[in-house]
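Trainee: Build me a model:
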Amino acid sequence: MQDVPLPGGAKIPAGAKVVGAIVSVSSVRSGKQSDGIISFHFNEVRHNRQTAKITASLRAIGSLLEVAEAQLPETPAGFGTPYNWVTTRLIGGDVKYGVGGPVTDSGSATVGEGTREGVLVHVRAQSTGGCPGESEGSDRLQALWLFSAGACGVYGMPRLRIVHAGRTVPVGETTLSYQDGEVNLRAGSGLLLRVE
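Mentor: Next comes the predicted model:
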């Protein structure tokens, strides 16, 4: 969804495709309730006839509504206010102050900067969701599209749960469960992946 800067100045351009496969689909019955379960992995990034092998774990999921709200200005723009100046609230709570402006966390600390397609931020660890932060000593900004620097877990889908994010064995395999129903990620939902 946005250019992803890589070490050494290279980048994965916006529009590249992440490709994967479904590993298994099942359901687990508990009393009258039947939870849907799906496991999948992403293993390639493709762009302009080039393919790169990857291992990806899941950091966060945002519903279609969360994605849409993260793209709407917090306050209506005045007549003639350029898009580049609008303030938006990201999935997870950080605030983006326009294109080229700062991205701040809930304590008003600057964690990155806004871009036309998303944000570039310093990823923060979230102990409650088990999401790691930056590598020790790394000061590199990461592309997170519409997600906050500390986004971790599920946003806007209360019955969906990340059972396995793919950071541990089996590495790269994500498992989701949906309480009392089938797992159904609607088009327009957002996934925040951590790629190794």
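Trainee: so what's Glu196 up against?
Mentor: 54-57 (CB atoms under 8 Å, 6 or more residues apart in numbering). Backbone N, C-alpha and C define where each C-beta goes, glycine included.
Trainee: Run through this structure and note the low-pLDDT ranges.
Mentor: For the chain, the stretches flagged by pLDDT under 70 are 76-81, 135-138.
Trainee: Check the gap between Leu6 and Gln142 for me.
Mentor: Leu6 sits 10 Å away from Gln142, going by CB to CB, to the nearest Å.
Trainee: Out of these two, name the residue with the larger neighbour count.
Mentor: Each of Leu6 and Gln142 has its neighbours counted (other CB atoms under 10 Å); Gln142 has more, 17 against 11.
Trainee: doesn't His122 make contact with that one?
Mentor: Yes - taking contacts as CB atoms under 8 Å, Gln142 lies within contact range of His122: 7.3 Å.
Trainee: okay, the contacts of Glu196 in a markdown table with distance to Val19, neighbour count and secondary structure next?
Mentor: Listed next are the contacts of Glu196 as a markdown table, based on distance: CB to CB, whole Å; neighbours: other CB atoms under 10 Å; DSSP: H, G, I helix; E, B strand; the rest coil:
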| residue | distance to Val19 | neighbour count | secondary structure |
| --- | --- | --- | --- |
| Ile54 | 9 | 18 | coil |
| Thr55 | 13 | 15 | coil |
| Ala56 | 11 | 23 | strand |
| Ser57 | 16 | 21 | strand |
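Trainee: can you pull the contacts of the most far-flung residue of the chain relative to its centre?
Mentor: Distance from the centre of the chain peaks at Gly31, with 33.7 Å (CA atoms, centre = their mean). Residues near Gly31 by CB under 8 Å, 6+ apart: none.
Trainee: What's the separation between it and Asp180?
Mentor: In this view, Gly31 and Asp180 are 10 Å apart by CB to CB.
Trainee: Check whether Asp139 really touches Val121, as I assumed.
Mentor: No - applying CB under 8 Å as the test, Asp139 and Val121 come out as separate, 11.9 Å apart.
Trainee: hmm, back to that, ok, so of the contacts of Glu196, who is nearest Gly114?
Mentor: Ala56 (24.5 Å; CB to CB).
Trainee: is it true that the closest one touches Glu44?
Mentor: No - assessed by CB under 8 Å, Ala56 is found out of contact with Glu44, at 9.8 Å.
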